[in-house]
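In: need a structure here:
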Amino acid sequence: MKKIKLAVTGCLGRMGQQIIKSAKSDKKFKLVTVTESKIINKKISGIKLELNDESAFRKANVIIDFTVPKCTFQVLRIASKLKKKVVIGTTGFTKKEEELIKKYAGKIPILKAGNMSLGINLLMYLTEIASKSLGNNFLSKVYEVHHKHKKDHPSGTALMLGKGIAVGKKKDFYKMIGNKYFNKKTFPYGKKINFNSIRRGETIGEHEVKFSSGKEIITLNHEAFDRALYSEGALAAAKWLMRKKPGLYSMRDLLAFK
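Out: Predicted coordinates:
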């Protein structure tokens, strides 16, 4: 079987390194390109680091990008020109940037997810069902914990879960975003969705959605223990994307949740 030629951006970051590690163990992939924002005289798995440019991505079939929005759009501009498929695990996009990604998806296949794990995507699906079933008498909030190095907050996953609440209620997510708390021991429910982000130690990821009527509380939660959850999910997304036409896809499409 012909191997998928893989490019990994942000190759020195936590997720970049984890994706490279997982790809080396997967016989369906051949790592051909690793990039960083600055040139460093270093090799990873025998491959010289490059910048995000046409010569770097030309040899790849698919690009996996877990970086920052500025870098992601640099990758998308080049990938769009070269007609390369892109898996995006980057988080922290604005509403305007989300719309721009949709435009790029009109030219190339893109799979974008705030979290690549099966468990989290199932949690989002269950969140939608709970939100729809419980109705407007229940207030909601989202709690998340990540390692101290994570810069964006709320996390992309927390925002995914918040969107699940909004979808369940058939409301505009951006209009339902409430207060965003940081490192608070407790935080309130609200008519809008409140978020609390904790940054500590080397925590891989904890997420919790709570619904309360004042008389009872329903809690949905997920805890990750190994970053390989995300890298293996990203590689599964890359394999799946190889068969797809231009369009914007999610892990929901890959997992076929109904």
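
In: who are the neighbours in contact with N121?
Out: N121 is in contact with A113, N115, M251, R252, L255, F257, counting by C-beta atoms under 8 Å, 6 or more residues apart in numbering. C-betas here are computed from N, CA, C, even on glycine.

In: again, only this time at 10 Å
Out: 113-115, 157, 160, 164, 222, 233, 250-252, 254-255, 257 (C-beta atoms under 10 Å, 6 or more residues apart in numbering).

In: nearest to L31 among these?
Out: Closest approach to L31 among these (C-beta to C-beta): G233, at 17.5 Å.

In: and the helix or strand where the closest one lies, what's buried?
Out: G233 belongs to helix 228-241 when assigned by DSSP states H and E. The neighbour-count check on helix 228-241 (16 or more other C-beta atoms under 10 Å) flags 228-238, 240-241 as buried.

In: same check on stretch 11-29?
Out: Neighbour-count burial for stretch 11-29 [16+ other C-beta under 10 Å]: 11-20, 22-23, 26, 29.

In: and stretch 57-64, by the same measure?
Out: F57, A60, N61, V62, I63, I64.

In: can you put these in TSV and add secondary structure, distance to I4 and pLDDT?
Out: Below are those laid out as TSV (DSSP: H, G, I helix; E, B strand; the rest coil; distance: C-beta to C-beta, whole Å; pLDDT from 0 to 100):
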residue	secondary structure	distance to I4	pLDDT
F57	helix	14	97
A60	coil	9	97
N61	coil	5	97
V62	strand	6	98
I63	strand	11	98
I64	strand	11	98
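
In: need the strands for the stretch 101-250 of the chain, in chain order.
Out: Counting by DSSP state E, counting those that start in this stretch, the stretch 101-250 of the chain has strands at residues 109-112, 139-146, 177-182, 193-199, 205-212, 217-224, 247-249.

In: ok so, going back, what angle do the helix holding G233 and strand 205-212 make?
Out: 90 degrees (axes from the mean of the first three to the mean of the last three C-alpha atoms, to 10 degrees).

In: next, the angle strand 217-224 makes with helix 228-241.
Out: Angle, helix 228-241 to strand 217-224, by the same axes, to 10 degrees: 80 degrees.

In: ok now helix 228-241, how far from the chain's centre?
Out: Relative to its parent chain, helix 228-241 has a centroid offset of 11 Å by C-alpha atoms, centre = their mean, to the nearest Å.

In: what of stretch 94-113?
Out: Stretch 94-113 sits 13 Å away from the centroid of its parent chain (C-alpha atoms, centre = their mean).

In: returning to what we had before: just the closest of the buried residues of helix 228-241 to Y104, please.
Out: Nearest member of these to Y104, counting by C-beta to C-beta, is L241, at 13.8 Å.

In: got a list of what the closest one touches?
Out: With contact set as C-beta under 10 Å, 6+ apart, L241 has these partners: 4, 61-62, 64, 85-87, 108-111, 247, 249, 253-254.

In: what subset of those residues is buried?
Out: Buried by 16+ other C-beta under 10 Å: 4, 61-62, 64, 85-87, 108-111, 249, 253-254, out of these.

In: top helix in this protein by residue count?
Out: Counting by DSSP state H, the longest helix found in the chain is helix 118-134.

In: next, the angle from it to strand 205-212.
Out: Orientation of helix 118-134 against strand 205-212 (the same axes, to 10 degrees) gives an angle of 10 degrees.

In: pull out the buried residues from helix 118-134.
Out: Applying a neighbour-count criterion of 16+ other C-beta under 10 Å, the buried positions in helix 118-134 are I120, N121, L122, L123, M124, Y125, L126, T127, E128, A130, S131, L134.

In: do stretch 145-165 as well
Out: 145-146, 150, 152-165.

In: ok, stretch 66-75 next?
Out: Using 16+ other C-beta under 10 Å as the test for burial, stretch 66-75 gives F66, T67, V68, P69, C71, T72, F73, Q74, V75.

In: that'll do, ta.
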